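A.B. asks: below is the structure, and that's it, no one-letter string:
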C-alpha cells in the first residue's frame with residue numbers, strides 16, 4: 001500500500017506527469033527539456049537519460065513475457081493436465097498481441113478499455129469479499145508497521161522488497177505513455193478506479209492469508225470460488241495482455257524521442273490517429289520487441305524462472321527519473337535546491353533501497369535487462 005502511494009501516486013501520477021515535453025512523457029522527455037533549458041551537467045544528464053531509456057526498453061521485453069506467462073499459468077489450478085500447454089498458449093497470445101499493434105492505441109483501446117474496467121472492478125469486489133476474513137489487515141494503513149517491518153526483518157526484509165516492487169510495475173510505462181492518453185485521463189483513471197481497486201485487492205489477499213495460511217501458494221486466484229477460476233484466468237490473461245500493451249506503446253514513444261534527439265538512426269514511424277500525434281506505431285521496433293519477448297519466454301519457460309529478471313531494469317529507470325527530475329524542477333520550475341532535496345530525497349532513498357534489493361537477483365536472471373540496456377547504450381553512444 002505504501003509503495004503504491006509513495007512511488008506511483010505521489011511521484012508519477014501527481015508529480016512527474018506534470019513534467020511533459022509538449023505532451024510527451026518518459027525519461028527522454030525529461031532529458032530533452034533539460035537540454036533545451038540548459039544544465040550545468042550536460043554529460044551526466046545525457047548518460048543518465050540514455051541509461052534510463054535503455055533500461056525501460058529492457059523492461060518492455062520482460063513485462064509482456066512475465067505478465068502473460070503468469071496469467072496463463074492460472075490454467076494449472078483449473079486443470080493440472082494443461083501444464084505442458086502453458087508455454088505454447090502464451091507464445092500464441094504474444095504473437096497476436098504484437099500483430100495488432102499496427103492498428104494503433106485508439107483502435108485497440110475500444111476493446112481494452114472496457115476489459116480493463118471490468119478487471120479492476122472484479123479485483124475490488126474480490127478484495128472486499130475477503131477483508132472480513134481477518135480485520136487485522138487494516139493495520140496496513142499505518143505506515144509505522146511498514147517501517148517497523150523493514151527495521152526488524154533485516155536481510156529478509158530487504159529481500160522481500162524485491163518482491164514488493166512487483167506491485168508498482170507499469171509506473172514507468174504510465175509516464176512514458178503520457179503522449180498516448182494525456183495527463184488528466186491517466187490521473188482520473190488512477191484515483192477513481194485503479195488505486196482503490198488495487199488497495200482493496202491487496203487487503204483482501206492479506207486477510208485471506210492471515211486466516212488461511214495455506215492460501216499463500218496462490219492468494220490471488222484462491223480468493224475466488226472454484227466455479228469462477230476459469231473465467232478469472234481468462235480475465236487475468238486479457239488484463240496482462242493490456243498491461244503488456246502499455247509498455248509496448250511506451251517503448252514506441254521512447255524510441256521516437258530517441259530518434260528526434262539523434263540517439264538512434266531513423267526508423268519508419270506510422271501515425272495511427274488523425275488527431276493525436278502521440279499515437280504511433282514503429283514496425284521495426286515492434287519486430288525487435290516481439291523477437292526479444294519470445295526469446296525470453298522460450299529461454300526461461302515459466303514466470304517463476306523469469307520473475308528474478310524483473311525489477312532491476314525498472315528500479316534503475318525510476319532512480320534515474322528522480323535524478324533528472326531534481327535537475328528539472330530547479331531549471332524548469334525554479335525550485336530552490338533545498339526544496340527540491342526535501343521533496344525528492346525521500347523518494348530517491350526509497351528507490352535506492354528497492355534497487356539494492358533487486359540487484360540481489362542479478363545472478364538469477366537480473367543480468368538479462370542489464371545486457372539489453374548495455375547493448376542499447378552502446379548504440380545510442
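C.D. replies: Good, I have the coordinates. Just so you know, these numbers come straight off a predicted model, no measurement behind them.
A.B. asks: which residues of the stretch 1-150 of the chain fall in helices?
C.D. replies: Taking DSSP state H, counting those that start in this stretch to define them, one finds helices in the stretch 1-150 of the chain at 2-3, 27-37, 42-72, 75-78, 86-99, 104-131, 143-153.
A.B. asks: those helices: lowest mean pLDDT?
C.D. replies: When those are compared by mean pLDDT, helix 75-78 comes last with a mean of 78.
A.B. asks: give me the below-cutoff pLDDT ranges for the protein.
C.D. replies: The model of the chain has pLDDT under 70 over residues 105, 277-278.
A.B. asks: before we move on, back to that, buried deepest among the helices of the stretch 1-150 of the chain, which one?
C.D. replies: helix 42-72 (a mean of 24; mean count of other C-beta atoms under 10 Å). The way it works is simple: take the backbone N, C-alpha and C, and place the C-beta from them, glycine included.
A.B. asks: between helix 27-37 and it, find me the angle.
C.D. replies: Interaxial angle, helix 42-72 versus helix 27-37 (axes from the mean of the first three to the mean of the last three C-alpha atoms, to 10 degrees): 160 degrees.
A.B. asks: packing partners of helix 42-72?
C.D. replies: Helix 42-72 sits against helix 27-37, helix 86-99, helix 171-176, helix 229-260, helix 283-300, helix 303-306, helix 312-331, helix 367-380, with contacts defined as 3 or more C-beta pairs under 8 Å, 6 or more residues apart in numbering; DSSP states H and E.
A.B. asks: highest mean neighbour count out of the ones you listed?
C.D. replies: Mean neighbour counts for the helices and strands packed on helix 42-72 (mean count of other C-beta under 10 Å) peak at helix 171-176, with a mean of 27.
A.B. asks: C-terminal to it, what's the next element?
C.D. replies: Sequence order places helix 178-181 as the next helix or strand after helix 171-176, per DSSP states H and E.
A.B. asks: show residues contacting that next one.
C.D. replies: Identification of contacts with helix 178-181 by C-beta atoms under 8 Å, 6 or more residues apart in numbering yields 17, 20, 23-26, 29, 105, 186, 249, 253, 276-279.
A.B. asks: ok, so of these, who is nearest residue 313?
C.D. replies: residue 26 (14.1 Å; C-beta to C-beta).
A.B. asks: and the gap between the spatially closest residue to the closest one that is not a sequence neighbour and residue 212?
C.D. replies: Spatial nearest neighbour of residue 26, excluding adjacent residues (C-beta to C-beta, 6 or more residues apart in numbering): residue 176 at 3.8 Å. In this view, residue 176 and residue 212 are 39 Å apart by C-beta to C-beta, to the nearest Å.
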